[in-house]
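**Q** The following block contains a protein sequence and its predicted model.
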Amino acid sequence: MKSNKVFNLLVATLCVFFLTACSDDDTITQKANEIKIGSKKFELKNMVLFNNGTHNNLTNFELYLSSPGLIIDENKDPKGNGNILVLDLYANEDTKLTGGKYVFNDYSNTSFSIIGGFHFLNFDASLGENQTGNAIDIVSGNISVDANNNEYTITITLVDENGTNVIGYYKGNIPILNYDAP
């Protein structure tokens, strides 16, 4: 009789444990496609990757990541207004960014290098050369790229010329355009 009570108590305890362990709080939070520059965040909505050509088995790509309202056309001309991060990269594949870690190195033309970049907050294409802000150069850091066809997962950990952290994440498709300078 006593073992029956212990068994029932054990079953009741296990039921309470399993019922409380399964709650709505256990959902996995999906990372947002966004960039944070210092205390300012912006959503990443429009992306494009330009293939600028291959030389010595290295392909030069320009990656444009911008907020809603700002797009970059096939001639690299901005349309609209918003925020943007641009990175100049070398990869060892000629059709897409190779998966791996790209490290800022503006003195070396080697694969997995970021050879330049900048961000611009509140860019307004209608102002042309008369922008109210400035492009701020990227001076150090890295990005990690996981590539599956044209779908990328990119984690951004950079620092700009003012010492401000430029942190971001993007997961999704990025169209790749071949660029022939006019």
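**A** Thanks, I have the structure now.

**Q** drop to CA atoms for contacts and neighbour counts, all remaining ones
**A** OK.

**Q** buried sites along stretch 70-88?
**A** 70, 71, 72, 78, 81, 82, 83, 84, 85, 86, 87, 88 (16 or more other Cα atoms under 10 Å).

**Q** That should have said stretch 41-60, apologies.
**A** Result for stretch 41-60 [16+ other Cα under 10 Å]: buried residues 42-52, 54, 58-60.

**Q** now it, how far from the centre of its chain.
**A** Distance of stretch 41-60 from its chain centroid, counting by Cα atoms, centre = their mean, to the nearest Å, is 12 Å.

**Q** Mind checking which of the buried residues of stretch 70-88 are in strands?
**A** Mapping the buried residues of stretch 70-88 onto strands (DSSP state E) picks out 70, 71, 72, 78, 81, 82, 83, 84, 85, 86, 87, 88.

**Q** what's the neighbour count on the nearest residue in space to the last one that is not next to it in sequence?
**A** Distances taken as Cα to Cα, 6 or more residues apart in numbering put residue 62 closest to residue 88, at 4.6 Å, once the chain neighbours are dropped. Residue neighbour count, defined by other Cα atoms under 10 Å, stands at 22 for residue 62.
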